[in-house]
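J.: Pasting a predicted model and its sequence here:
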Amino acid sequence: MDKHFKYKYDDLFNPTLKAIKNLGNSGSVSEIEDEIIKILNLNENAINEIHRESTTKLTYRLAWARNYLKRYGLLENSSRGVWALTEDGKKTNEVNKEKVKKFVVKKDKDERLEKNHENLEKDSPKIDDKPEEIDEFT
């Protein structure tokens, strides 16, 4: 249960976009987190509330928010630990969180179906692939 940190990952979509814009369209994970702390005016209890072991809820949920925004096409992970706005991201000031979630869930589902389809095709014998025993009878 959230005692101090009340934001869910999807509540962090727009603050994440704003934070990266404030940082000049790119920033490290820690720079983005610091900027979001300012934007949301978080107190020490909210900042330090633990999700699991040593990861804070803020850090954990921001990672999910960045991932969703990346899958939505607004962010890119230009190098390890550095996130930047894409061209679409630079043009976007705010997103509808339900629209983002719906898009990403559908994209993930479509990709899983495509992967399953590819695996089925790869594992299925082709028409031309007839067992040698059949050749003996033709």
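T.: Yep, that arrived.

J.: what stretches of the chain score poorly on pLDDT?
T.: Along the chain, the model assigns pLDDT under 70 to residues 1-2, 117-138.

J.: hmm, try it at 90
T.: Applying pLDDT under 90 to the chain flags residues 1-4, 49-54, 78-81, 108, 110-138.

J.: Now the lengthiest helix in the chain: buried residues?
T.: Using DSSP state H, we find that the single longest helix of the chain is helix 97-123. By neighbour count on 16 or more other Cβ atoms under 10 Å, the buried set for helix 97-123 is Lys97, Val100, Lys101, Phe103, Val104. Every residue, glycine included, has its C-beta placed from N, CA and C.

J.: Remind me what it packs against, helices and strands.
T.: helix 13-22, helix 57-71 (3 or more Cβ pairs under 8 Å, 6 or more residues apart in numbering; DSSP states H and E).

J.: Work out the gap between it and the centre of the chain.
T.: On the basis of Cα atoms, centre = their mean, to the nearest Å, helix 97-123 sits 14 Å off its chain's mean C-alpha point.
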